[in-house]
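1. predicted model follows, preceded by the sequence.
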Amino acid sequence: MKSRALHFPSLPAAGNRPLDRWDILAVLLLGAGSLGAYWRTLAPGILYGDSAEFQTLAVTLGVAHPSGYALYLLLAKVFTWLPLQNLAWRVNLLSAVMGALALMGMYWMIRLMTRSRCGAILGPVIVGIGRTFWSQTVIAEVYTLAAFTLLAALLLLFAWQNDPTRRLRWLFLAAFLVGLSLHITVVVMAPAMGLFVCWTLIASHQPARQWGRTLGAGLTGALAGAVVFLLATLALVWHDPPTSYVHVTLLPSHSAWALDASDLDTPIEQLTATVFGAQWHDSLFSGNISFMLAELEYYLKYLLKYDLAIWVFPLAMIGCVTILLQRRAWGAFLVLYGAMLLFLIVNYMGPGKYVFFVSTYLLIGIAAGVGVSWILSCGQAALKAQPPYLVRMVQVLGISLLAWALLSPYWTARWQALQAGVATFVTKDEDTYPVQDLLEPRTLAERRLEQVESDSVLLMDWKTLYATYFVAQVEGRQPGVRILENIPGESEGTLTESLMQEISQILQQGTPVYSDRAYPKLEGIFRFTELAGINLVRVELVAGAGP
């Protein structure tokens with residue numbers, strides 16, 4: 001008896017099989033279904049933290065925290081023009097739309113590499129139902145836009161590889177998207193993309209002239225994207241509303257990053273400090289092996305607990321092997337990009353890094369979708385001699401079992417959320433998304449603003465700062481109020497030297513100042529008086545004292 005070799009399904013010929021009408025129907029249903037789920041659980045209004053910052057700056061058009069996120073804010077500004085709900089809800093909606101588009105892009109990517117629509121559907125659903133991805137679709141955040149950008153760049157690069165001499169415009173556009181610098185998880189694609197382009201040119205034996213044209217298209221695209229990013233950021237810096245990160249954090253607390261006021265007195269200097277994020281320099285790369293190993297362990301435990309069923313991993317491994325065997329260069333590119341994302345994740349020492357995991361989930365979902373397609377193809381080949389009705393029955397049973405294994409750990413919680421109209425399973429993000437009371441940010445902001453003078457300066461933490469600014473400035477409740485972030489000094493219980501000087505000058509001008517907490521270590525400079533029912537303390541300058 002002859003042994004039957006393990007069969008890996010062939011990937012489609014380069015560029016010969018566009019999506020057909022059934023694919024278009026499937027991808028539209030996937031997009032509509034995911035958007036409907038995210039829309040149903042969308043946060044109803046103002047949030048906390050970064051989300052409140054984006055909601056505020058999408059309206060007032062100021063630069064956000066590093067790297068500025070100018071292009072995100074300009075796109076969010078367009079969404080604020082929609083005649084739907086309230087302004088904050090419209091900015092949240094951008095995340096839901098981008099999340100749905102990212103999942104549609106995943107379908108397209110998997111379908112271009114396989115013959116199975118089931119794999120192309122299950123891959124995006126695996127990612128879209130995960131807690132982290134879903135949590136980013138219901139709030140104002142940049143991660144679903146980054147996910148969509150990532151998928152768009154992958155699709156363009158794939159299209160270029162299928163005909164590298166005549167599709168240079170696709171390479172240009174892929175590099176352009178990376179150059180836009182929408183998020184660092186997209187930017188780190190650049191080295192892997194450069195190696196992939198060179199490998200493709202070598203494998204296809206391109207002449208020197210074609211090398212010049214190809215590399216020129218890629219570099220020009222990346223440079224054009226970077227220029228657009230910088231010009232958009234500069235435009236927001238120049239617009240200069242009081243709600244801008246520059247006025248809320250960067251200028252008042254410049255001493256926290258060893259900057260002088262003279263280092264930030266021009267728009268170009270403010271642009272540089274924002275884009276290159278002086279405050280994040282010490283957070284990006286730890287250089288500590290034990291730290292990286294611990295963070296890798298945390299990453300694996302986190303995604304198994306919250307986002308991906310354990311069965312996803314053998315499917316992703318099968319899919320990865322399949323891609324490497326059938327499209328070696330493309331598979332190597334995806335593996336290298338995934339490795340660079342992991343390197344960034346395990347080295348990053350800033351807060352809230354779990355949202356970076358979303359980009360890796362997209363790659364895992366693509367590989368898992370290809371793995372599902374391989375299993376179904378093998379099953380179909382094994383049943384080739386059987387009656388058609390039996391083949392269909394086994395296929396339906398197999399697909400149902402796969403779907404159950406991949407989705408059942410999370411389905412109950414997601415269904416409960418859809419019934420409640422709130423993403424009730426998002427319990428880790430309460431500093432942004434207070435799931436127990438989504439009206440809390442507004443309630444707290446309104447209560448504080450009702451109790452302060454119209455020209456007050458408020459000293460607040462990042463969590464509640466922009467929710468209060470949204471009510472004050474965007475909704476016009478107290479447009480004369482100015483808010484500063486209470487960046488701490490060398491130790492907790494103090495403030496940076498430059499911020500203390502700023503507060504002293506404000507108090508000397510007779511402007512009332514309030515803080516969301518007292519600072520016992522600063523009682524020799526400031527007097528803090530608690531006010532009943534206001535959740536703020538009055539700040540006054542101690543006579544004869546100075547910072």
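-> Yep, it's here. Note that the structure is predicted; figures quoted are calculated from it, not measured. Residues are numbered from 1 along each chain as shown.

2. for the residue nearest to S498 when sequence neighbours are not counted, give me its contacts.
-> Closest residue in space to S498, ignoring its immediate chain neighbours: S255 at 3.8 Å, by CB to CB, 6 or more residues apart in numbering. Where you see a C-beta, it was placed from the backbone N, CA and C, and this is true even at glycine. Going by CB atoms under 8 Å, 6 or more residues apart in numbering, S255 touches T496, E497, S498, L499.

3. now the buried members of these.
-> Buried residues within those, counting neighbours by 16 or more other CB atoms under 10 Å: T496, S498, L499.

4. out of those, which are inside helices?
-> If you go by DSSP state H, these have S498, L499 in helices.

5. of all the buried ones among the contacts of S255, which comes closest to L82?
-> L499 (37.8 Å; CB to CB).

6. against G524, how distant is that closest one?
-> 16 Å (CB to CB, to the nearest Å).

7. tally of neighbours for the spatially closest residue to M460 that is not a sequence neighbour?
-> Nearest non-adjacent residue to M460, counting by CB to CB, 6+ apart: D516, 4.8 Å away. Number of residues near D516 (other CB atoms under 10 Å) recorded here: 18.

8. wait, D516 touches T464, no?
-> Yes: using CB atoms under 8 Å, D516 is in contact with T464, at 6.7 Å.

9. could you list the low-confidence segments of this protein?
-> Along the chain, the model assigns pLDDT under 70 to residues 1-18, 277-284, 286, 489-492, 543-547.

10. domain-wise, how is it divided?
-> 21-417, 440-541 (automatic domain parsing).

11. which residues touch M193?
-> M193 is in contact with A153, L157, A174, A175, V178, G218, F333, Y337, counting by CB under 8 Å, 6+ apart.

12. most neighbours, which of those?
-> A175 (29 neighbours).

13. nearest spatial neighbour of that residue, skipping sequence neighbours?
-> Using CB to CB, 6+ apart, the nearest residue to A175 is G221, at 3.3 Å.

14. I figured that neighbour hits R169, correct?
-> No: using CB under 8 Å, G221 makes no contact with R169, being 9.1 Å away.

15. neighbour count for these two, which is higher?
-> For the pair G221 and R169, the greater number of neighbours falls to G221 (23 against 13), based on other CB under 10 Å.

16. so what's A217 up against?
-> Counted by CB under 8 Å, 6+ apart, A217 has contacts L168, R169, L171, F172, A175.

17. run the last query once more with 6 Å
-> Applying CB atoms under 6 Å, 6 or more residues apart in numbering to A217 gives the contacts L168, L171, F172.

18. which element is T274 on?
-> Per DSSP states H and E: T274 is located in helix 267-275.

19. tell me the buried residues in that helix?
-> Buried residues in helix 267-275, defined by neighbour count with 16+ other CB under 10 Å: P267, Q270, L271, A273, T274, V275.

20. closest one to N92 out of those, please.
-> Minimum distance to N92 across the buried residues of helix 267-275 is 23.9 Å, recorded for T274 (CB to CB).

21. measure the nearest residue to that closest one once chain neighbours are set aside to G105 for me?
-> Among residues not flanking T274 along the chain, G68 sits closest, at 4.8 Å (CB to CB, 6+ apart). Using CB to CB, G68 is found at 25 Å from G105.

22. for this protein, just list every one of the strands.
-> For the chain, applying DSSP state E gives strands covering 457-460, 482-485, 513-515, 526-530, 537-541.

23. and the third one, what does it pack onto?
-> The reference is to strand 513-515. Here strand 513-515 touches strand 457-460, helix 497-508, strand 537-541, going by 3 or more CB pairs under 6 Å, 6 or more residues apart in numbering; DSSP states H and E.

24. mind listing what's buried in the longest one?
-> By neighbour count on 16+ other CB under 10 Å, the buried set for helix 497-508 is S498, L499, M500, Q501, E502, I503, S504, I506, L507.

25. how about residues contacting that helix?
-> Residues outside helix 497-508 that contact it (CB under 6 Å, 6+ apart): P252, S253, H254, S255, V457, V513, L541, P547.

26. just give me the closest of those residues to T322.
-> Nearest to T322 among these is S253, at 51.6 Å by CB to CB.

27. out of everything not next to it in sequence, what's closest to that closest one?
-> I487 (3.8 Å).

28. wait, what's in contact with that neighbour?
-> Contacts for I487 (CB under 6 Å, 6+ apart) come out as S253, A256, T496.

29. and the gap between the closest residue to the second one other than its chain neighbours and A26?
-> Meaning A256. Among residues not flanking A256 along the chain, T496 sits closest, at 4.5 Å (CB to CB, 6+ apart). Noted for T496: a distance of 54 Å to A26, by CB to CB.

30. could I get the contacts of A217 as JSON lines with neighbour count and distance to F470?
-> Formatted as JSON lines, the contacts of A217 follow (neighbours: other CB atoms under 10 Å; distance: CB to CB, whole Å):
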{"residue": "L168", "neighbour count": "19", "distance to F470": "45"}
{"residue": "L171", "neighbour count": "26", "distance to F470": "41"}
{"residue": "F172", "neighbour count": "22", "distance to F470": "39"}
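
31. now, these that are in helices?
-> Filtering the contacts of A217 for helices - DSSP H - leaves L168, L171, F172.

32. name the nearest of those relative to L363.
-> Checking these against L363 with CB to CB, the nearest one is L171 at 20.2 Å.

33. circling back: and the residue nearest to A256, how far from V246?
-> 16 Å.

34. same thing with V355?
-> From V355 to V246 the distance is 24 Å (CB to CB).

35. try P434
-> In terms of CB to CB, P434 sits 28 Å off from V246.

36. if anything else comes up later, I'll come back, but that's it for now.
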